[in-house]
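Asks: Compute the structure for the input listed below.
(chains A and B)
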There are 2 protein chains.
Amino acid sequence: MAADAAPRSLSGKVLDVLDAFSADAPELTLSDISRRTGLSLSTTHRIVRELSEWGALERQGRGPYRIGLRLFEVASLAPRGPQLREVALPYLEDLYEATHENVQLAVREGLELVFLERITGRDAVRVLTRVGGRFSLHATGVGLALLAFAPPEVQEQVLSGSLERWTERTITDQGQLRRMLADVRRTGVAISDRQVTMDALSVAAPVVGPDDCVVAALSLVVHADGASPHTLAPAVRTAARGISRALGSPTARRHPAGARRRASGP
Amino acid sequence: MAADAAPRSLSGKVLDVLDAFSADAPELTLSDISRRTGLSLSTTHRIVRELSEWGALERQGRGPYRIGLRLFEVASLAPRGPQLREVALPYLEDLYEATHENVQLAVREGLELVFLERITGRDAVRVLTRVGGRFSLHATGVGLALLAFAPPEVQEQVLSGSLERWTERTITDQGQLRRMLADVRRTGVAISDRQVTMDALSVAAPVVGPDDCVVAALSLVVHADGASPHTLAPAVRTAARGISRALGSPTARRHPAGARRRASGP
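Replies: Below you'll find the predicted structure:
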């Protein structure tokens, strides 16, 4: 709470007001916001009025405040958010058309991931993800793909942190997780087999940007029963390479999606 | 420019900094931001630092600033943005699968519209829209559908404003536009025939929310050559009613998508 912390600048308080909203609390009254931010009612009132005039907050009549459309307009300019999603979408659609399973796109943000897109088949396995929502890196396919290619200091922080157990198959042992990440780097594919829910398996591959760094990961999430990750992997890698190429990755340009390395050799 | 306007509060200045970014200028240096906002370099520096710490702005190394992923996370909570899109997506996908043409979803924001989603077929006609981008209400199919059901004062403001001409077929005559809007209200379908570009025709229908007010519009944009809007209208209306029902519209619940009114009568 800001009230208990060091003195907060007014611009910091504006961000605190936005932070008060969450997926669990998408609608808040003035007093909710005041309580959640620790700001006085009068300060809250002043900031909320300015945010509403600008369009960052909205309300219907005298109802509670909600996040406004204007924020969506500004956020649509985020290169690591909607802009990346826009480039990726045709490839996500292709993968969806080919499989009719859940297709997901995520980026790393600090020690977690943020989902940028999810295309869900009607008969696909239920997934917990929400576009714009966060998740830990050590359990999902996209998370393992992002973690495997994250800077060493990020990997160390995640590995030495508390590794939440989602199911009996979630890997929470540091050594085991290290070996799994090494496998992901070697194969270019991350497989999460019932590590988040006992009915789902995901197969993920990294997406590479113009400087050949991993900027995102893409996954297919299917029913764990009878799933064959090694059959799904080529489709996932193909889509991931398509996005990488569209982003200008030099490696993906040299080796077009679907081609084997040796195919472009001498 | 804020510098020339009335004294601007610090929270207003924070919003001015976000406003400095646009689709034409998604990456800005400190001095770009200072120039665009009219704020001093030191004030700009302080606000940019706080926005960066929070994640509303990002930069690569010492490169220019860009809109950050954290803003996308907060914006994902907007009920009239990503939340509405999330409900609509399966119906947009259905319409896309059935037609493989451009499918668009938009909401009204003041006297303009904002695109929430666009699904594009590979062979579909090129469209000018960008998710998160704005457009005028009087030319596109979605725009006409939203304008036809907007409050009277909004309609009057748009009709009496300057009506930009996009093509020789854009309707810029107030009387003609009034008659077209009346047609849209009568038929429940808006058709924009080469009114934005000479190669595209769009067929749109309104989406209705829980209080039976129009909250969004949905369109199919196809090649104008050989297009048969009256053949496309039932599919567009079906998808729009599906979304309305999912949003809890009482009318759409009583008359399920695809059913005629009389089918539920006595």
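Asks: what residue ranges in the stretch 51-200 of chain A score low on pLDDT?
Replies: By pLDDT under 70, the low-scoring segments of the stretch 51-200 of chain A are A:122.
Asks: could you redo the last one with a cut-off of 90?
Replies: Scanning the stretch 51-200 of chain A for pLDDT under 90 picks out A:60-61, A:82-83, A:86, A:89-90, A:93-94, A:96-98, A:100, A:118-130.
Asks: does residue A:204 sit in a helix, a strand or a coil?
Replies: Using DSSP: H, G, I helix; E, B strand; the rest coil, the structure places residue A:204 in strand.
Asks: okay, now the domains of chain A?
Replies: For chain A, the structural domains run A:2-74, A:79-264, going by automatic domain parsing.
Asks: Can you lay out these as a markdown table showing distance to chain B and mean neighbour count?
Replies: Using the backbone N, CA and C atoms, a C-beta is placed for each residue, glycine as well. Shown next, in a markdown table, are the domains of chain A (distance: least, Cβ to the nearest Cβ, whole Å; neighbours: other Cβ atoms under 10 Å in any protein chain shown):
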| stretch | distance to chain B | mean neighbour count |
| --- | --- | --- |
| domain A:2-74 | 4 | 18 |
| domain A:79-264 | 2 | 19 |
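Asks: Select, out of those domains, the one closest to residue B:114.
Replies: With Cβ to Cβ, the closest approach to residue B:114 among the domains of chain A belongs to domain A:2-74: 6.0 Å.
Asks: Check the offset of the closest one from the chain's centre.
Replies: 24 Å (Cα atoms, centre = their mean, to the nearest Å).
Asks: tell me the helices in the stretch 1-150 of chain A, going along the chain?
Replies: A:10-19, A:30-37, A:41-54, A:69-75, A:84-99, A:141-148 (DSSP state H, counting those that start in this stretch).
Asks: what's the fourth one in contact with?
Replies: By that I understand helix A:69-75. Outside helix A:69-75, the residues that touch it by Cβ atoms under 8 Å, 6 or more residues apart in numbering or on different chains are A:18, A:54-56, A:58, A:81-82, B:18-19, B:21, B:67, B:71-72, B:74-75, B:78, B:80-82, B:107, B:109, B:114, B:116, B:132-134.
Asks: run the last query once more with 7 Å
Replies: A:54-56, A:58, A:81-82, B:18, B:21, B:67, B:71-72, B:74-75, B:78, B:80-82, B:107, B:109, B:114, B:132 (Cβ atoms under 7 Å, 6 or more residues apart in numbering or on different chains).
Asks: Equivalent analysis for stretch A:215-225, please.
Replies: A:84, A:95, A:99, A:101-107, A:125, A:127, A:141-142, A:145-146, A:193-194, A:199-209, A:232, A:236, A:239-240, A:243, A:247.
Asks: Go ahead and measure how far it is from the middle of the chain.
Replies: The answer for stretch A:215-225 is 12 Å, by Cα atoms, centre = their mean.
Asks: Check the gap between the closest residue to residue A:82 other than its chain neighbours and residue A:158 for me.
Replies: Leaving aside its sequence neighbours, residue A:82 sits nearest to residue A:76 (Cβ to Cβ, 6 or more residues apart in numbering or on different chains; 4.6 Å). To residue A:158, residue A:76 is 30 Å away according to Cβ to Cβ, to the nearest Å.
Asks: quick one: residue A:238 and residue A:138, what's the gap?
Replies: Taking Cβ to Cβ, one finds residue A:238 at 26 Å from residue A:138.
Asks: now do residue A:148
Replies: 11 Å.
Asks: same thing with residue A:47?
Replies: As judged by Cβ to Cβ, residue A:47 and residue A:138 stand 37 Å apart.
Asks: One more: residue A:123?
Replies: 29 Å.
Asks: how near is residue A:58 to residue B:59?
Replies: 30 Å.
Asks: same question but for residue A:10, I mixed them up
Replies: 23 Å.
Asks: Output the longest helix belonging to chain A.
Replies: helix A:229-247 (DSSP state H).
Asks: I'd like to know which of the contacts of helix A:69-75 are part of strands.
Replies: Using DSSP state E, the subset of the contacts of helix A:69-75 located in strands is A:58, B:67, B:107, B:109, B:114.
Asks: I'd like to know how far the fourth one sits from chain A.
Replies: Residue B:109 is 5 Å from chain A, where distance means Cβ to the nearest Cβ, to the nearest Å.
Asks: what are the bridge partners for residue A:202, then?
Replies: For residue A:202, the beta-bridge partners are residue A:192, residue A:221 (DSSP bridges).
Asks: residue contacts, it?
Replies: Counting by Cβ under 7 Å, 6+ apart, residue A:202 has contacts A:140-141, A:192, A:219-221.
Asks: now do residue A:78
Replies: B:67-69, B:71-72.
Asks: beta partners of the closest residue to it other than its chain neighbours?
Replies: Take residue A:78 and drop its neighbours on the chain: the residue closest to it by Cβ to Cβ, 6+ apart is residue B:67, 4.3 Å away. Taking DSSP bridges as the rule, residue B:67 bridges to residue B:57.
Asks: Was I right to think residue B:67 contacts residue A:80?
Replies: No: look at residue B:67 against residue A:80 with Cβ atoms under 7 Å: they stay out of range, at 9.0 Å.
Asks: hey, C-alpha coordinates of stretch A:154-169 in PDB?
Replies: Below are the C-alpha coordinates for stretch A:154-169, written out as PDB (Å, rounded to 0.1, in the frame of the first residue of the first chain):
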ATOM      1  CA  VAL A 154      16.600 -14.600 -14.900                       C
ATOM      2  CA  GLN A 155      16.900 -18.400 -14.900                       C
ATOM      3  CA  GLU A 156      18.800 -18.400 -11.600                       C
ATOM      4  CA  GLN A 157      16.200 -16.100 -10.000                       C
ATOM      5  CA  VAL A 158      13.300 -18.400 -11.100                       C
ATOM      6  CA  LEU A 159      15.200 -21.600 -10.200                       C
ATOM      7  CA  SER A 160      16.100 -20.300  -6.700                       C
ATOM      8  CA  GLY A 161      12.600 -18.800  -6.100                       C
ATOM      9  CA  SER A 162       9.600 -20.700  -4.800                       C
ATOM     10  CA  LEU A 163       8.400 -23.000  -7.600                       C
ATOM     11  CA  GLU A 164       4.700 -23.400  -7.200                       C
ATOM     12  CA  ARG A 165       3.300 -26.900  -7.600                       C
ATOM     13  CA  TRP A 166       0.200 -27.000  -9.800                       C
ATOM     14  CA  THR A 167      -0.200 -30.800 -10.100                       C
ATOM     15  CA  GLU A 168       1.800 -33.800  -8.900                       C
ATOM     16  CA  ARG A 169       3.700 -33.600 -12.200                       C
END
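Asks: So what touches that stretch?
Replies: Contact partners of stretch A:154-169, identified using Cβ under 7 Å, 6+ apart, comprise A:111, A:136-139, A:147, A:172, A:174, A:177-178, A:181, A:193-198.
Asks: Surely residue A:137 is in contact with residue A:109?
Replies: No: assessed by Cβ under 7 Å, residue A:137 is found out of contact with residue A:109, at 9.9 Å.
Asks: how about residue A:98, what does it touch?
Replies: Here residue A:98 is in contact with residue A:235 (Cβ under 7 Å, 6+ apart).
Asks: same thing but at 10 Å, please
Replies: Contacts for residue A:98 were tallied using Cβ atoms under 10 Å, 6 or more residues apart in numbering or on different chains; they are A:220, A:235, A:238-239.
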